[in-house]
Structures are given as structure tokens and as C-alpha cells.
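J.: Just to be clear, the model below is a prediction. Sequence and coordinates:
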Amino acid sequence: MRMSGDMKALLCPLLACSLGWMVLLACCELGRAEGAGPLSFGLIADVQYADQEAWNRRHFREAIQKLEECVGDLNSRDLAFTIQLGDFVDTGADSLDSVLSVYNRLDMPTYHVLGNHDFVLPRAALLDKLGMDRAYYSFSRAGWRFIVLDAQDLGVGYGWPEDSDNYRRGAETLERLRQQEAANAEDWNGGIGPQQKDWLEKTLREAAAVGDKSIIFCHMPIVAEASTPGLLLWNHEEIVEVLESGGSAVAFFGGHDHDGGYARKNGIHYVTVEGMVEAPEINAYAVVTLHEDRIVIDGIGDVPDRVLRIPGA
């Protein structure tokens, strides 16, 4: 049957509209099948602010201005959250108040990792000030498990009384490392205690069981290839073994070493993020975007861009 010009004029828009809805529905189904799309978050390391003169390459006083610039930029982006990797301050409770007043301007969920310089208050008071229920914890977003570790779980100080198990085990670990002449046998480092280690193992297994990929955040790096050996977590090799056996870890982000670094070992990416305190001119932070098959790091200032492929994805 041949259509008249009037019939064509009537049917063509209807067909175009129907096809448009079919394409839209197909895209929605594809979107559901592939997940909600990429997830992005802000990442900051070692702001280490204090109202004091610079020492070596650490520009303590300028760091808060760099954080203000960072917060303004991150607020202009579509981010699920922002996390800072510890050493938020260098010294002083007043410094913590100042830097928090800037960080809390972020209009998204924010998270903290404890660094060795952050204990300007007793441990319980510090956690309360930062709005943290506990020093190590996890949270989930769209098929990703984010795991935050406390690198001063074992430590000589860092809020632990000398008669506590954490202090005692920390002192024993440090003495053993010193006897071995280990590069990281320094009291500014720390370790993961047995209770936290058990929790980490369980959290990684639970993530694997539901098909989540895990990203771990810790102030101190855990592989020498991604950091200066003297700045590694005391029991770094032990924690690497836990990550490799847990079945869900794809990336580890640490700070502490302001020079930054990167390594890949047995399918896990280890990124040490450059310190903001040592970038007074060009800043240092990143936006991390998570895809099904890769992690994309959009570095700002001293932090380099990276694309980290996820094995098997």
C-alpha cells in the first residue's frame, strides 16, 4: 500500500518518537546491566598544616591555602565523597580546628584516615573531633568496598597509655625491628594489631563473597617499591599477605611519604599520594574515578595522572 503525503506527515513523527523511546529504554536496560556508572571521589594526603615557618620542603603555613583551593575545586565536581589520608596537621590542637573548618566546607560526605602527626589530642578526643566512631572502619558504594586502616593501632604513643596492650605490643614490635636493623624501625611509624588484622581479613572476605572490589586506605605505605623503606608500616609484609589472600583488594592508597610512589604487585595497585604540605606553588591532590575495568587518577599539581587496570575485569 502506498501512503499519501498527508499520511506520511502524520506517521513519521510517531515512528520517530517510538524509536526514540525504544532507544532510551534500551540504554536504561544497558545502564542497569552495567551498573550505575563510574564513581568518583576526592583524595588528599598530608596537608600537615601548622602556623609555623617552613622546614626543609614542608611549607606548613601555606598548606591551608592549598586546602582551600582544593576544596573549591572538589566542590565544583560530581563526587561521591572525599577522603584525606592522615597527617592533617603537623602540631597543635588549634591547627586541627583551623584545617577542619576548611575541610568541612566540602558539600559531600567526608572521611578521615589517622596519621602519626594527627594525635594533637588524646585518641578518644581526636576521634570525637573528627566525627569518627572508630579508628578503622569500612563503607560501601555501588559495588565497591572502601576499607580504612589505623596505622597507629600499634604505636609508642599516638594516644595509647603506656600500660595499654597497643602500646606494649608497639614497643615490642619496634624493639624487634631495631634489633633486625630494619629501615622502618622508627617511632613515627606504627603497625596493625591482631584485632584489626582479623577485622581486615573478614572485611575483605565479605566483600569478595558479594562481588565487591575493595580499595584500602592507610596513612602508611606497605610496599617498598612504592615508598621510601624507612616510612613503611611496621608489619607491612604481613598486611600485604592479607590483601593478596582476601580475594577482593584491587588498590591501596597511602600517604606519609610526601614524594609519592607507585607499584603493582600480584594484581594489586599500591599508590602513595604526594603530600600537599610540600606543594606550596602547584598543590597536590587527586580525583579518582572507578570504572569496572580500571581506576583513573586525575592528578592535580604534584600528583601524576594514572590509569590502573583491574585484572580480570
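T.: Nice, thanks for sending it over.

J.: Pass me the low-pLDDT residue ranges in the stretch 151-300 of the chain, would you?
T.: By pLDDT under 70, the stretch 151-300 of the chain contains no weakly predicted segment.

J.: what about the strands in it?
T.: Along the stretch 151-300 of the chain, counting by DSSP state E, counting those that start in this stretch, strands occupy 213-218, 249-254, 261-265, 268-272, 284-290, 294-301.

J.: Of all these, which one comes closest to L74?
T.: With respect to L74, and counting by C-beta to C-beta, the nearest of the strands of the stretch 151-300 of the chain is strand 284-290 at 7.4 Å. Any C-beta I mention is one placed from the backbone N, CA and C, and that applies to glycine too.

J.: Look at E53 and report its pLDDT.
T.: For E53, the pLDDT comes out at 95.

J.: Quick check: it vs G131, distance?
T.: The gap separating E53 from G131 is 31 Å, by C-beta to C-beta, to the nearest Å.

J.: next one: D293
T.: 34 Å.

J.: Identify the residues contacting the helix or strand in which Q65 is found?
T.: Per DSSP states H and E: Q65 is located in helix 63-75. Contacts to helix 63-75, defined as C-beta atoms under 8 Å, 6 or more residues apart in numbering, come from residues 42, 44, 47-49, 82, 98-99, 102-103, 105-108, 276-277, 279-280, 283-285, 287, 300.

J.: which residues touch the residue nearest to I215 when sequence neighbours are not counted?
T.: Excluding the flanking residues, the one nearest I215 by C-beta to C-beta, 6 or more residues apart in numbering is A251, at 4.9 Å. Taking C-beta under 8 Å, 6+ apart as the contact definition, A251 lies against I215, I216, I268, H269, Y270, V271, I295, L308.

J.: If we use 6 Å, what do you get?
T.: Residues near A251 by C-beta atoms under 6 Å, 6 or more residues apart in numbering: I215, H269, I295.

J.: coming back round to it: the strands of the stretch 151-300 of the chain into TSV, with extra columns for distance to R141?
T.: Shown next, in TSV, are the strands of the stretch 151-300 of the chain (distance: least, C-beta to C-beta, whole Å):
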stretch	distance to R141
strand 213-218	10
strand 249-254	14
strand 261-265	24
strand 268-272	19
strand 284-290	9
strand 294-301	14
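
J.: about what we covered before: against R294, how distant is the residue nearest to I215?
T.: The gap separating A251 from R294 is 11 Å, by C-beta to C-beta.

J.: How about D302?
T.: Separation of D302 from R294 (C-beta to C-beta) stands at 22 Å.

J.: Look at the two and report which has more neighbours.
T.: In terms of neighbours (other C-beta atoms under 10 Å), D302 is the more surrounded of D302 and R294; the figures are 20 against 15.

J.: Please look at that one and T272 and confirm they touch.
T.: No. Using C-beta atoms under 6 Å, D302 is not in contact with T272, being 12.0 Å away.

J.: State the distance from the residue lying closest to L233 once chain neighbours are set aside to R306.
T.: In space, L233 comes closest to M220 once its chain neighbours are excluded; the distance is 4.3 Å by C-beta to C-beta, 6+ apart. Separation of M220 from R306 (C-beta to C-beta): 20 Å.

J.: what do you get for P38?
T.: Distance from P38 to R306, by C-beta to C-beta: 15 Å.

J.: quick one, helices of the stretch 51-200 of the chain?
T.: 63-75, 93-103, 123-130, 165-179, 194-209 (DSSP state H, counting those that start in this stretch).

J.: now what about the longest one, what contacts it?
T.: What that stands for is helix 194-209. Y136, S138, R145, I147, D153, S214, V242, G246, G247, S248.

J.: Pull up the gap between the residue nearest to C218 when sequence neighbours are not counted and S76, please.
T.: Distance criterion C-beta to C-beta, 6+ apart; nearest residue to C218, sequence neighbours excluded, is L149 at 4.0 Å. L149 sits 30 Å away from S76, going by C-beta to C-beta.

J.: more neighbours, those two?
T.: L149 (27 against 8).

J.: so the more buried one touches Y136, yeah?
T.: Yes. Using C-beta under 6 Å, L149 makes contact with Y136 at a distance of 5.3 Å.

J.: tell me which residues of stretch 146-163 are tucked away?
T.: 146-160 (16 or more other C-beta atoms under 10 Å).

J.: tell me the two of these that are most distant?
T.: So, the buried residues of stretch 146-163 by C-beta to C-beta: farthest apart are F146 and V156, at 28.8 Å.

J.: Tell me how far the spatially most central residue of the chain lies from E181.
T.: Nearest to the geometric centre of the chain sits F217, at 4.4 Å (C-alpha atoms, centre = their mean). In this view, F217 and E181 are 30 Å apart by C-beta to C-beta.
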